[in-house]
Structures are given as structure tokens and as C-alpha cells.
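# Take a look and give me a structure for this.
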Amino acid sequence: MSAERAAGNGRRAQRGSLLLEFMVAAVLGLVLAVWAGHEWAQRARALQARSLAAWMGVARDAAEAFLARHAAELAAAGAADALAGQGYADWTAPRWDELRSAGLLAGGWQAMGPLRRTLGVRVMRDGACPGASCRVWALVHARPALRTPAGGVDEALVAEWLQAAEGRGLVVWPHRPGFLGGAGLRVPVPEEGVADWAPGVVALAARAPPGQGGEAGTGDADAYLRVRDARDPDFQGDVTVQGVVRSGTRLAARDSLQFERGWSVGEACAPEGVLGRVRDGVGVLACRRGIWSLLARPAGGGYMLNSRRGCLNATGGTSANPVTGTCACPTGYVMAQVAESGSIMAPEGLTMGFLCLSQQ
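Residues are numbered from 1 along each chain as shown. Below you'll find the model as predicted:
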């Protein structure tokens with residue numbers, strides 16, 4: 001009987017051990033299932049954030065097309081209905097159906113986007129409008145803000161959206177509720193529709209193309225330069241600079257280099273090594289030891305002068321200086337006689353040859 005009891009106790013202990021293993025396995029499975037579900041939910045929200053950025057990008061392109069098409073009207077617009085004749089009830093907040101009717105937005109674009117968001121657009125102006133300082137730009141923003149169920153800003157979702165926006169995104173952060181912050185930007189939120197600009201709101205800036213209403217000081221990250229920016233701005237127009245233009249290597253000009261102001265040899269100059277031009281005449285100057293010195297000067301030419309025929313040769317052709325077109329030297333040159341033939345009393349007269357030598 002003793003042996004049978006021991007065997008029964010062993011079987012009961014084995015069954016208890018197996019039950020404990022099953023319970024541990026079940027708990028681990030539940031934990032893994034919860035983790036996988038959470039991970040899947042996070043990935044789904046990340047994809048939705050990226051879809052939101054892409055959807056907003058299409059709307060931003062439509063807003064830029066609106067700014068480009070109506071740049072002049074927007075710069076001069078007064079009342080909100082100034083563009084009513086163009087199909088826009090309020091030019092400061094054009095509706096998406098109005099942009100679609102104008103052919104600026106694809107017909108298949110949906111007004112309700114990812115994460116059950118809608119979009120608003122606000123057109124603004126900076127500077128004196130109309131005028132050279134006028135800048136017209138717009139903000140395309142998602143409604144409502146990206147927030148957690150607890151009411152705070154969903155920073156993880158905002159981070160995914162910013163990454164998808166590729167540096168162009170603007171966000172209203174809780175610590176600075178009056179501004180939209182982005183990559184090196186800080187834009188005051190519009191005064192109209194304050195409820196649309198709660199913390200967690202994300203937006204994209206749109207701008208009019210150069211020469212059509214000006215560039216917005218709040219344009220996207222590719223539309224402006226920062227200090228020590230390594231990108232080539234590739235300006236397509238004239239550039240006016242009041243100060244010194246300094247190059248780290250060399251200055252290259254495809255056409256030519258023009259010195260507008262001239263100097264005289266011997267005048268004071270600075271700094272050492274700069275170049276200039278002669279004030280009255282032709283020549284290149286260099287600043288050496290604090291004074292302008294002649295660096296290069298073209299030949300002054302020469303001419304033949306006859307006592308009877310003047311500036312003509314025996315065949316009636318001209319003997320003038322090819323540099324001046326007359327029997328004279330250019331300004332800054334003196335004549336030096338180098339030849340003489342004939343006689344002042346002879347029928348052919350006296351012919352004298354001259355070269356023009358620089359005085360400097």
C-alpha cells in the first residue's frame with residue numbers, strides 16, 4: 001500500500017507541474033499578443049501620419065497654384081470678397097471646392113483625409129501691399145489637432161508626421177501656443193480662427209513663386225537659405241549688395257567684371273592688392289603700398305600727320321590713330337615723334353609719324 005500511495009503522489013505532482021507550465025505559457029502568449037497588438041497599432045498610426053503628410057502636400061500644392069495664379073490680385077485685394085469674380089467668396093480662406101472648380105486641385109482629392117482630419121487654408125500678407133515689399137503666403141493646416149485620448153499633444157504621432165513632411169512641417173507646441181514652429185522657423189498663428197490653432201495642430205506653408213507676389217518669409221525649408229547653408233542658391237536675377245562680397249576660394253564671372261568707379265594713379269587706396277580702373281582713360285590699377293599703381297594699360301596707338309594733307313596719306317586714305325580715330329592720342333597718353341620725311345617746302349609736304357605713350 002505504501003508503494004501505491006507514493007506512485008499516486010508522484011502522478012499528482014507531475015500533473016501539477018504540467019498545469020503550472022501551461023499557465024506560464026498562457027501568460028507569455030497573452031503578453032506577446034498584447035505587445036504585438038500595440039506594435040501593430042503604433043505602426044498603423046505611423047502609416048496614417050505619413051498618409052496625412054502626403055495628403056496635406058497635395059493641398060499645399062493647390063494653395064501654391066492659387067497664390068501663383070492670383071498673385072497680383074492678392075497683393076492688391078482689399079475686402080474679403082475682392083476675388084468673388086474669380087470664384088472665391090473669401091480670398092483669405094479659399095475653399096477646396098473653389099480650388100477644385102478652378103482646376104487647381106484634382107477632382108479625386110478627398111476633403112476628409114487620414115486620421116479623420118479635414119484641412120483649412122489661410123492666406124496672409126506681409127509688408128506693404130501692394131508694393132515691392134509685399135509677400136503673399138498661406139498655411140494649410142489639419143483639423144483637429146493631433147492629440148492623445150488624455151488630451152495632450154500626441155508627440156509620437158507628430159514626430160511621424162514631421163518625418164514624413166521632410167523638414168517642411170510646422171507644429172503648435174504646448175510650451176509656445178502662439179506660434180507654429182518648424183525647421184528653423186517660428187511663425188505667429190493667424191489671429192483669425194484661434195480655435196483652429198490649438199497645441200498639436202500641424203501645418204504646411206505655401207508661398208507664391210519668385211516674381212509673383214514675393215517669397216514668404218515662412219516658406220518651406222527648400223525656399224530660403226540659412227547661415228552657413230551649403231546649397232547653391234542659383235539666383236536667376238540681379239543681386240544688389242551694400243557690403244563686401246567675400247568668396248572662400250575665387251570669384252568667377254561668366255561674362256565680364258566691371259569697375260564702375262575710377263581712380264587716378266598715386267591716389268590713396270586700401271586694402272592692399274585690390275584692383276581698380278583709371279578714372280580718365282583706359283587702364284587697370286592695383287593697390288600697392290597704399291596707393292593706386294598702373295598695372296596694365298593698352299597701347300595708345302600712333303598716327304601720321306602731313307603738313308599739306310593733314311590726316312590723310314598720299315592716296316587719300318586716313319592716317320589717323322586707330323585707337324582714337326583722329327590724329328591725336330587718347331587721354332592719358334602723350335605723342336612722341338618717331339619719324340619724319342619730305343619737306344615743308346616740297347609739293348608732297350612734310351610727313352611726321354607719332355606714337356602715343358602712356359603718361360603714367
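# Tell me the first helix or strand C-terminal of the lowest-mean-pLDDT helix or strand in the chain.
The helix or strand of the chain with the poorest confidence is helix 2-69; it has a mean of 69 (mean pLDDT, DSSP states H and E). Sequence order places helix 71-76 as the next helix or strand after helix 2-69, per DSSP states H and E.
# helices or strands up against the helix or strand harbouring E160?
When elements are assigned from DSSP H and E, E160 belongs to helix 155-164. Helix 155-164 sits against helix 2-69, strand 169-173, strand 202-207, with contacts defined as 3 or more CB pairs under 8 Å, 6 or more residues apart in numbering; DSSP states H and E. Just so you know, the C-beta spots here come from the backbone N, C-alpha and C atoms, and that holds for glycine as well.
# pLDDT weak spots in the chain?
1-42, 44, 184, 193-194, 209-231, 236, 281, 360 (pLDDT under 70).
# Tell me which stretches of it form strands.
Assignment of strands within the chain using DSSP state E yields the ranges 118-126, 135-143, 169-173, 176-182, 185-188, 202-207, 262-263, 275-278, 284-288, 291-296, 302-306, 333-342, 350-358.
# do you know which of those strands lies nearest A54?
Nearest of these to A54, taken as CB to CB: strand 202-207 at 11.0 Å.
# How far off centre is the closest one?
Distance of strand 202-207 from the chain centroid (CA atoms, centre = their mean, to the nearest Å) equals 16 Å.
# Relative to that strand, what are the paired strands and their orientations?
Here strand 202-207 is paired, per DSSP bridges, with strand 135-143 (antiparallel), strand 169-173 (antiparallel).
# Let's have these in CSV, adding mean neighbour count and distance to L251.
What follows is the strands paired with strand 202-207, written out as CSV (neighbours: other CB atoms under 10 Å; distance: least, CB to CB, whole Å):
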stretch, mean neighbour count, distance to L251
strand 135-143, 24, 31
strand 169-173, 22, 38
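# Out of these, which is closest to A299?
strand 135-143 (53.5 Å).
# Next, the angle from the closest one to strand 118-126.
160 degrees (axes from the mean of the first three to the mean of the last three CA atoms, to 10 degrees).
# mind checking how far strand 135-143 is from the chain centre?
18 Å.
# Put the alpha carbons of it into PDB.
These are the backbone C-alpha positions of strand 135-143, laid out as PDB (Å, rounded to 0.1, in the frame of the first residue of the first chain):
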ATOM      1  CA  ARG A 135       4.700  88.900 -49.600                       C
ATOM      2  CA  VAL A 136       1.700  86.700 -50.000                       C
ATOM      3  CA  TRP A 137       1.800  83.200 -48.400                       C
ATOM      4  CA  ALA A 138      -0.600  80.700 -47.000                       C
ATOM      5  CA  LEU A 139      -0.900  78.000 -44.300                       C
ATOM      6  CA  VAL A 140      -2.500  74.600 -44.900                       C
ATOM      7  CA  HIS A 141      -3.400  73.100 -41.500                       C
ATOM      8  CA  ALA A 142      -5.000  69.900 -40.300                       C
ATOM      9  CA  ARG A 143      -8.100  69.900 -38.100                       C
END
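# Helix 155-164 and that one, what's the angle between them?
Using the same axes, to 10 degrees: strand 135-143 against helix 155-164 is 140 degrees.
# Next, the angle from strand 135-143 to strand 176-182.
Taking the same axes, to 10 degrees, one finds strand 135-143 and strand 176-182 inclined to each other by 110 degrees.
# Could you say which of the strands of the chain is packed most deeply?
Most buried of those, by mean neighbour count (mean count of other CB atoms under 10 Å): strand 202-207, with a mean of 26.
# out of the strands paired with strand 202-207, which comes closest to A314?
Nearest of the strands paired with strand 202-207 (CB to CB): strand 135-143, 72.0 Å.
# possible to save the strands paired with strand 202-207 as TSV with distance to P330?
Converted to TSV, the strands paired with strand 202-207 look like this (distance: least, CB to CB, whole Å):
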stretch	distance to P330
strand 135-143	50
strand 169-173	63
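# Please identify which of these is closest to E340.
Of all those, strand 135-143 comes closest under CB to CB, at 72.8 Å.
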